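Enquirer: After the sequence you'll find the predicted model.
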Amino acid sequence: MKPPLAEGKLPPELLERLLRHTSRSSLLTVGAFPGEDAAVAAGSDTLVLTADPITFTDERIGAYTVAVNANDIVAMGGRPIYLTTTILLPPGTGEQEVERIFADIADACRKAGLLWVGGHTEVTPVVKRTIVAGQAVGFLFRAPLSTGGARPGDALCMSKWVGLEGTTTIARERPRESRETLGEQGFRAVLGWLDDPGISIVEEGRALEGLALSSGHDPTEGGVATGIHEICRRSGAGAVIDWDALPVREETRRLCARFSMDPLGLLSSGVFLFTAARAIAEEACGLLLARQIPAAVIGEILGQEEGVTIQRGAKRGAKRGAKREALPFSVQDEIVKLRGPTAPPSSPRSSTR
């Protein structure tokens, strides 16, 4: 008998096998495949469809719901338009709490430009904490920005910084240790990352809408490292990452050191991973920087036989002799290391794609 599944994303081989049960049709331009952010429906008005539940937190759950669903549409090259929600509340939930959730979703939708068109809400003993499942629909005005479109020679880029979502989640779930590690001012700053720069990539999508990117991805569980592996797996490619080019904030480094986490494997909603020909990639980063959105070229797509590696020392002129090592990969997000005798119950978000 096989052991039970670990928390977090399903192993890639299992997910690939399970997704063979999903629909394949001429009505779908992109179906459900491992590593893809959303499905794309064929037609004159091409639809982009996605769904994601929030199960790892119930604080600011509306902001998380809107962001992770809108991000999947953007990562496919579309504009998110509609959102429906299924909200499951545990017995004992008060009206004030429900009001807070609804206000949070409404505020996040206004900022992202989504139309929240309803859904379903109920109190049920099946859940012990609030769960919100979002379903987003958008329109595609370009060829699908599939995760599998990266080609050797493309530059690999990212917006914002490594572990953005995970860092603010650590601060929310372990406030005492986070204050001790960062000080009060640093702790408050990290809490504010949820709204500034935020965990939405809608602005990135707007800025880059006209550019010929080759692939895009919204890294969630498993962080930037897993997102890169998913792009390479879907594209049949390898990659080399420049360690010195990776944007990792000092607050993230310190909190990850406190809880023995790898920043590269930490929840990273709010980051947009994308690939493009070098000149287009540099133009894209310039457009993002012009909107005050941090962006950087962090590596290069290679042939599949070269594997997925990370290189240190490239900025010191030692590119030829720089040390390369395999980029770590785990389907279990580093955030699960928060769990212990003093950690509040939580579980990472799971995704069908």
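Expert: Okay, I see it. Residues are numbered from 1 along each chain as shown.
Enquirer: Going by C-alpha atoms from here, please, whenever you check contacts or count neighbours.
Expert: Fine.
Enquirer: mind listing what's buried in stretch 280-290?
Expert: Under the neighbour-count criterion of 16 or more other Cα atoms under 10 Å, stretch 280-290 has 280-282, 284-289 buried.
Enquirer: could you pull out the helices for the stretch 201-350 of the chain?
Expert: With helices called from DSSP state H, counting those that start in this stretch, the stretch 201-350 of the chain shows them at 202-208, 223-235, 250-258, 278-290.
Enquirer: who wins for proximity to Leu327 among these?
Expert: Nearest to Leu327 among the helices of the stretch 201-350 of the chain is helix 223-235 (6.8 Å), distances taken as Cα to Cα.
Enquirer: which secondary structure elements does the closest one contact?
Expert: strand 215-217, strand 273-276 (3 or more Cα pairs under 8 Å, 6 or more residues apart in numbering; DSSP states H and E).
Enquirer: Could you pull up the mean pLDDT of that helix?
Expert: Averaged over helix 223-235, pLDDT sits at 96.
Enquirer: need the longest strand for the protein.
Expert: When the chain is parsed with DSSP state E, its longest strand is strand 78-89.
Enquirer: going on from that strand, what's the next piece of helix or strand?
Expert: Remark: after strand 78-89, the chain's next helix or strand is helix 95-112, criterion DSSP states H and E.
Enquirer: on that earlier part again, how about the buried residues of stretch 280-290, which pair is most distant?
Expert: Ile280 and Leu289 (14.2 Å).
Enquirer: which residues are contacting the longest strand of the chain?
Expert: For strand 78-89, contacts defined as Cα atoms under 8 Å, 6 or more residues apart in numbering pick out 48, 66, 70, 73-74, 113-124, 127-142, 144, 205.
Enquirer: Buried only: go through these for me.
Expert: Buried, going by 16+ other Cα under 10 Å: 48, 66, 70, 73-74, 114-116, 129-140, 144, 205, out of these.
Enquirer: Quick one: residues contacting Asn71.
Expert: 200-202, 218, 269-270.
Enquirer: Just confirm it is within a helix.
Expert: Yes - counting by DSSP: H, G, I helix; E, B strand; the rest coil, Asn71 is found in a helix.
Enquirer: what's the spacing between it and Gly186?
Expert: 27 Å (Cα to Cα, to the nearest Å).
Enquirer: Ala276 too?
Expert: 35 Å.
Enquirer: Among these two, which residue is more densely surrounded?
Expert: A count of neighbours by other Cα atoms under 10 Å puts Ala276 above the other of Ala276 and Gly186, at 27 against 17.
Enquirer: Ser215 is in contact with that one, correct?
Expert: Yes - contact criterion Cα atoms under 8 Å: Ala276 and Ser215 qualify, at 7.2 Å.
Enquirer: intersection of neighbour lists for those two?
Expert: Contact criterion Cα under 8 Å, 6+ apart; residues shared by Ala276 and Ser215: Ala150.
Enquirer: can you give me the strands for the stretch 51-200 of the chain?
Expert: Under the criterion DSSP state E, counting those that start in this stretch, the stretch 51-200 of the chain contains strands at 78-89, 115-123, 131-140, 155-159.
Enquirer: any idea which of those scores lowest on pLDDT?
Expert: Among the strands of the stretch 51-200 of the chain, strand 115-123 carries the lowest mean pLDDT (a mean of 85).
Enquirer: Sheet-wise, list the partners of it with their directions.
Expert: Sheet pairing here is set by DSSP bridges, and for strand 115-123 it gives strand 78-89 (parallel).
Enquirer: Just want the angle from the partner strand to strand 131-140.
Expert: 160 degrees (axes from the mean of the first three to the mean of the last three Cα atoms, to 10 degrees).
Enquirer: if we can go back for a sec, adding pLDDT, write the contacts of Asn71 out as JSON lines.
Expert: As requested, the contacts of Asn71 are exported to JSON lines (pLDDT from 0 to 100):
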{"residue": "Ser200", "pLDDT": "94"}
{"residue": "Ile201", "pLDDT": "96"}
{"residue": "Val202", "pLDDT": "94"}
{"residue": "Asp218", "pLDDT": "93"}
{"residue": "Ser269", "pLDDT": "93"}
{"residue": "Gly270", "pLDDT": "95"}
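Enquirer: out of those, who's nearest Pro90?
Expert: The nearest member of these to Pro90, counting by Cα to Cα, is Ser269 at 26.3 Å.
Enquirer: I'd assumed Ser200 was in contact with the closest one.
Expert: Yes - contact criterion Cα under 8 Å: Ser269 and Ser200 qualify, at 7.1 Å.
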